[in-house]
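Participant: Sequence first, predicted coordinates after that:
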Amino acid sequence: MKIHLIAIGGSAMHNMALALHHKGYAISGSDDAIFSPSKDRLEKYGLLPSEMGWFPEKITKNLDAILLGMHARIDNPELAKGKELNIPIFSYPEYIYEQSKNKKRVVIGGSHGKTSITAMILHVLQNLNIDCDYMVGAQLEGFDTMVKLTHEASIIILEGDEYLSSPIDRRPKFHLYQPHIAVLSGIAWDHINVFPTFEMYVDQFRIFKNMVSDTLIYCEEDKELKKLAREETNCKLIPYSTPNHNIENGITTVSNTELIIFGNHNLQNLNAAKLVCNKLGVSDFDFYKKIASFKGASMRLELVKKTATSSIYKDFAHSPSKLKATSSAMKKQFIGRKLVACMELHTFSSLNEEFLQQYKGCMDEPDIAIVYFSPEAIAHKKLESITTKQVYSAFAREGLLVFTDSKKLEEHLQQLDWKNQNLLMMSSGNFDNIDIMYLI
């Protein structure tokens, strides 16, 4: 099979290129810019384009398929040439389904927790030597790529994102996977540039629920999911919630198993992962035995640095509900320490003046609460500017600190007294390249 990837340098696309290369396919690709780690990983396997740009002459009749990356434009010249030659063109999720038609498909969906649940399932299956294909949204310890596609595996575990499939396919990604077994972890309004009302957003999960052919595992602590569960459905429904647990000396224990991970969201995720593994033939005993060594997915309450009296954690949290849950998890886990929580307004939703009002009260629990946003990033995204006054008003938190200059934020954090005080950095971005490691 000869496959060409348009926008091969993306996080998801370069992993797809590697997976198909490992499967034995002949891979080519193009992009207008490729940065590390994608660049280094493509170069290692001889898949890095020799020059940057779009080259219609690369698109020839001997290609079996073209994969279209999300950041390619709709007027891409290679895409136009592919259409002209009638070469089959797939979005990333379409091709994932194409590669898994004959496998048992497990799809993990929800506004939060998707990556963590998927990572937990993969960790347990790998440590039990149960072969499976997968696609996950973060680089996991012990896994070479974020995508694995083989001829042999009879199961595939897929992280199911609700965002759009490609520039020419406006369907949510998880609507294309046709799951046998599925998880829904929760619904919290996001992607308002695509789903301008909460009702439109919820409807995407309703459509997904109705596509599940066997079993839907859902968090019954989420009020929107409880509503969906009451609607007519053709599949079996299995609810889950936060398991009974103990926290002692900074260690969380579930079913007599000491865990590295912590926080109610992570414990809910663990329960969801256990139920999926049960459906795949894994006993509770084997699940807990293997999950004990799970350190967490990248950027999901990830420990960055630890001293005798303080720790830095980073988290992908950006939605109001996740900010609240992640801050609460840190406070409960480290009872004797104060918490400095810093979040970056980075997504299209969070930088929208109307959506900002959703953040009221979500940063009340930390001892020191900080919000950062970059006016330059807002201009780059071609969004209406927001002011520090609007941010203060939206969060409604007494003593809130707001920064618009990353250097000043960095200096402020470095001069704080970190004795018996932890730092939590929450963003889907990177605080304009602040090196978090050196903040304490």
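Facilitator: Looks like it arrived, so ask away.

Participant: okay, CA-based contacts and neighbour counts for the rest of this
Facilitator: Noted.

Participant: check contacts around the residue nearest to residue 295 when sequence neighbours are not counted.
Facilitator: Take residue 295 and drop its neighbours on the chain: the residue closest to it by Cα to Cα, 6 or more residues apart in numbering is residue 260, 5.7 Å away. Residue 260 is in contact with 251, 252, 292, 293, 294, 295, 296, counting by Cα atoms under 8 Å, 6 or more residues apart in numbering.

Participant: Touching, the first one and residue 258? I think so.
Facilitator: Going back to what we said before, that points to residue 251. Yes - Residue 251 is within contact range of residue 258, at 6.7 Å (criterion: Cα atoms under 8 Å).

Participant: Tell me where the protein has helices.
Facilitator: Under the criterion DSSP state H, the chain contains helices at 11-22, 38-44, 77-84, 92-99, 114-127, 198-209, 223-230, 264-279, 284-291, 320-333, 353-356, 375-380, 388-395, 406-414.

Participant: Pull the distance from the first one to the chain's centre.
Facilitator: Going back to what we said before, that points to helix 11-22. Between the centre of helix 11-22 and the centre of its chain there are 17 Å (Cα atoms, centre = their mean, to the nearest Å).

Participant: any idea of the angle it forms with helix 92-99?
Facilitator: An angle of 30 degrees separates the directions of helix 11-22 and helix 92-99 when computed by axes from the mean of the first three to the mean of the last three Cα atoms, to 10 degrees.

Participant: end to end, how far does stretch 354-366 reach?
Facilitator: From its first residue to its last, stretch 354-366 covers 24 Å (Cα to Cα, to the nearest Å).

Participant: Buried residues in it, which are they?
Facilitator: Counting neighbours by 16 or more other Cα atoms under 10 Å, one finds that the buried residues in stretch 354-366 are 355, 356, 357, 358, 359, 360, 361, 362, 363, 364, 365, 366.

Participant: what would these look like in a markdown table with pLDDT and distance to residue 334?
Facilitator: Compiled in a markdown table, the buried residues of stretch 354-366 are given as follows (pLDDT from 0 to 100; distance: Cα to Cα, whole Å):
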| residue | pLDDT | distance to residue 334 |
| --- | --- | --- |
| 355 | 90 | 31 |
| 356 | 94 | 29 |
| 357 | 93 | 30 |
| 358 | 93 | 27 |
| 359 | 96 | 24 |
| 360 | 96 | 24 |
| 361 | 96 | 21 |
| 362 | 96 | 19 |
| 363 | 97 | 17 |
| 364 | 97 | 17 |
| 365 | 96 | 13 |
| 366 | 98 | 12 |
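
Participant: how close does the spatially closest residue to residue 56 that is not a sequence neighbour get to residue 65?
Facilitator: Using Cα to Cα, 6+ apart and skipping the chain neighbours, the partner closest in space to residue 56 is residue 78 (4.5 Å). In this structure, residue 78 lies at 12 Å from residue 65, with Cα to Cα as the measure.

Participant: next one: residue 431
Facilitator: Residue 431 sits 38 Å away from residue 65, going by Cα to Cα.

Participant: How about residue 155?
Facilitator: Relative to residue 65, residue 155 is positioned 24 Å away (criterion: Cα to Cα).

Participant: Quick check: the farthest pair among the buried residues of stretch 354-366?
Facilitator: With Cα to Cα as the measure, no two of those lie farther apart than 355 and 366, at 21.8 Å.

Participant: picking up where we left off before, just the buried members of the contacts of residue 260?
Facilitator: By the neighbour-count criterion of 16+ other Cα under 10 Å, these include these buried positions: 252, 292, 295, 296.

Participant: and which of these is nearest residue 20?
Facilitator: The shortest approach to residue 20 among the buried ones among the contacts of residue 260 belongs to residue 296, at 26.4 Å (Cα to Cα).

Participant: Tell me if I'm right that that closest one and residue 259 touch.
Facilitator: No - between residue 296 and residue 259 there is no contact under Cα under 8 Å: 10.3 Å.

Participant: follow-up on the earlier one: tabulate the buried ones among the contacts of residue 260 (CSV), appending distance to residue 25.
Facilitator: Conversion of the buried ones among the contacts of residue 260 to CSV gives the following (distance: Cα to Cα, whole Å):
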residue, distance to residue 25
252, 45
292, 37
295, 33
296, 32
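
Participant: now those residues in CSV, with pLDDT and distance to residue 272?
Facilitator: What follows is the buried ones among the contacts of residue 260, written out as CSV (pLDDT from 0 to 100; distance: Cα to Cα, whole Å):
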residue, pLDDT, distance to residue 272
252, 95, 17
292, 97, 15
295, 92, 17
296, 88, 15
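
Participant: Centre of the chain to stretch 135-150, how far?
Facilitator: With Cα atoms, centre = their mean as the basis, the distance from the averaged C-alpha position of stretch 135-150 to the chain average is 13 Å.

Participant: In that stretch, which residues are buried?
Facilitator: Residues of stretch 135-150 classed as buried: 135, 136, 137, 138, 139, 140, 145, 146, 147, 148, 149, 150 (neighbour count, 16+ other Cα under 10 Å).
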